[in-house]
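> coords please:
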Amino acid sequence: MDMISKDSWEDYIDKLNRVNTKAADEMLAWTEKYGYDYPAIVDQAFAIATRYGEGAAALACEMCDEMAELQGIYIPPTEPAEAKSYEYVKAAVDDKIEKGQESKIPDTVAEIVKRRGAETTLKAARYYNAWFAWVPHGNPCAFCRMLASNGWQRASKKSKFSHATHIHAHCSCEYAISFQGPYEIGGYDPDKYLEEYESYSGSAEARLKAMRSQDRRQKAGQDENEVKVPKKFDGNFDDYLPLSIGKEERAVLSGLNQKARETGYEHAQIISENGKSAIFTSNDKNGVGINLDIIDGEHLKVYHSHTNLTPLSKKDFRFLCDERVEEIGNVASNGDAFIARIGNGYRPSIEEFESVINDDFQAMINGEIASDPERFGLSFDSSPEEYTYVAIREQAFQIAASFGWEYEGGRIE
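So this is what the prediction gives:
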């Protein structure tokens, strides 16, 4: 039986998250108004971390007291962990400034706030020789899952964990405490996390590295805006048919790329066989509206720019379902161009296209990449952005192959 219900635990986590988020938001609002004026930014970060840290510590005290009462243990009111010093906050802010990561200072303040709540729970566990566990929440990172695999642990006054140094930004995992041994809380299943951890071999560092690599592989394709071309594919178009477009088409793609660089938004242009063309602009870095009906003619060539490094997407390929479209092309932000055309292939209807290129189609591709990353030019050290690029790249190849379309690639500038 749960000593604390899942709903009660969720409510506790939600309150802590609101405190952390409020701290980050307040720090962000200050930087947007005053910039990164030094040392005023340190003073403000210290003030916010102290004020909201009090709130996080108070919530942790309440949870410890409630747990003791539920377990029939009398303890004096739990005391909060000590607030972080000005020097501590200054060092954290200085670290971000030195790394050129000033925009992450609000997250750093939120981490300091969250850490004080966690340290309050750990302080109580150590003082009372109680049990503690790191309980995951939401979509926990590999490190949090590794900690969760430890299950419930008995604390002592000699335990060296008072600073909860692993806490990171946007984490909703939290410490739980027990005065009478392990118990079920909020759906926490340490055996599940232990099974994952033990499925990898080697040292703790090697296992954590493998878990993080698996997370990166699973993340592939989730955010098409965050991509990086792996070294193997940078300027390498051996897997593509060579670009067969003429000077006019190259000029159009080059112009679209230039506009995207200047504005930060996608642009498009349609070219018809009778020499007419239509230009489309947008205020969106992730897309541009293209209306085929405003131009006469057949054998249309639909070109557009991408503001990132990605090749043709599923949405782009859909244009080839229209009988008037002969080819679709895009130019990435680095000048890489990708062209797909019907050729001797099959033109499906939109419904047929969607029935083939569905969620299972992308899941299959992600699974293939995860099971054998080296086959796709990746390694266990590859970044999530590289996995995402490869997932989009492979999707494009397999869409073209599914309908027998020609797929070309090359650099136009």
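
> C-alpha coordinates for stretch 397-412, PDB please?
Presented in PDB, the C-alpha positions along stretch 397-412 are these (Å, rounded to 0.1, in the frame of the first residue of the first chain):
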ATOM      1  CA  PHE A 397      15.800   8.000 -48.900                       C
ATOM      2  CA  GLN A 398      13.100   5.500 -48.000                       C
ATOM      3  CA  ILE A 399      10.200   7.700 -49.100                       C
ATOM      4  CA  ALA A 400      11.800   8.000 -52.500                       C
ATOM      5  CA  ALA A 401      12.500   4.300 -52.700                       C
ATOM      6  CA  SER A 402       9.000   3.400 -51.700                       C
ATOM      7  CA  PHE A 403       7.600   5.000 -54.800                       C
ATOM      8  CA  GLY A 404      10.600   4.600 -57.200                       C
ATOM      9  CA  TRP A 405      11.300   8.300 -57.300                       C
ATOM     10  CA  GLU A 406      14.600   9.800 -58.300                       C
ATOM     11  CA  TYR A 407      16.400  11.500 -55.400                       C
ATOM     12  CA  GLU A 408      19.400  13.800 -56.100                       C
ATOM     13  CA  GLY A 409      21.800  15.600 -53.800                       C
ATOM     14  CA  GLY A 410      24.700  18.000 -54.000                       C
ATOM     15  CA  ARG A 411      26.000  21.400 -53.000                       C
ATOM     16  CA  ILE A 412      25.000  24.500 -55.000                       C
END
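
> shouldn't E205 be within a helix?
Yes: with the criterion set as DSSP: H, G, I helix; E, B strand; the rest coil, the secondary structure at E205 is a helix.

> okay, it: pLDDT?
Here, the pLDDT recorded for E205 equals 83.

> swap in D336?
The per-residue pLDDT reported for D336 equals 95.

> just checking, it touches G409?
Yes: using C-beta atoms under 8 Å, D336 and G409 qualify as a contacting pair, with a distance of 6.9 Å. Every C-beta, even on glycine, is put in place using the N, C-alpha and C of the backbone.

> anything in contact with each of those two?
Shared contacts of D336 and G409 (C-beta atoms under 8 Å, 6 or more residues apart in numbering): P311.

> got the residue ranges for the helices in the stretch 51-200 of the chain?
Assigned by DSSP state H, counting those that start in this stretch, the helices in the stretch 51-200 of the chain fall at 86-98, 105-127, 142-148, 190-198.

> could you say which of those helices is packed most deeply?
helix 105-127 (a mean of 25; mean count of other C-beta atoms under 10 Å).

> let's test this: mean pLDDT of that helix, rounded?
Averaged across helix 105-127, pLDDT comes to 94.

> now the angle from that helix to helix 86-98?
140 degrees (axes from the mean of the first three to the mean of the last three C-alpha atoms, to 10 degrees).

> helix 105-127: how far from the chain's middle?
Counting by C-alpha atoms, centre = their mean, to the nearest Å, helix 105-127 is centred 24 Å from the centre of its parent chain.

> now stretch 329-347
Average the C-alpha atoms of stretch 329-347, do the same for its chain, and the two points are 28 Å apart (C-alpha atoms, centre = their mean).

> what comes up buried for it?
Neighbour-count burial for stretch 329-347, counted by 16 or more other C-beta atoms under 10 Å, picks out 329-332, 336-342, 345.

> and stretch 372-390, by the same measure?
For stretch 372-390, a neighbour-count test (16+ other C-beta under 10 Å) marks 373, 376-378, 382, 384-390 as buried.

> circling back to that earlier point, now the helices of the stretch 51-200 of the chain as CSV including distance to I357?
Formatted as CSV, these follow (distance: least, C-beta to C-beta, whole Å):
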stretch, distance to I357
helix 86-98, 42
helix 105-127, 37
helix 142-148, 31
helix 190-198, 32
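
> which one of those helices lies nearest to P311?
Across these, P311 has its closest neighbour in helix 142-148 (29.4 Å, C-beta to C-beta).

> name the helices or strands packed onto that closest one?
strand 131-135, helix 190-198, helix 204-219 (3 or more C-beta pairs under 8 Å, 6 or more residues apart in numbering; DSSP states H and E).
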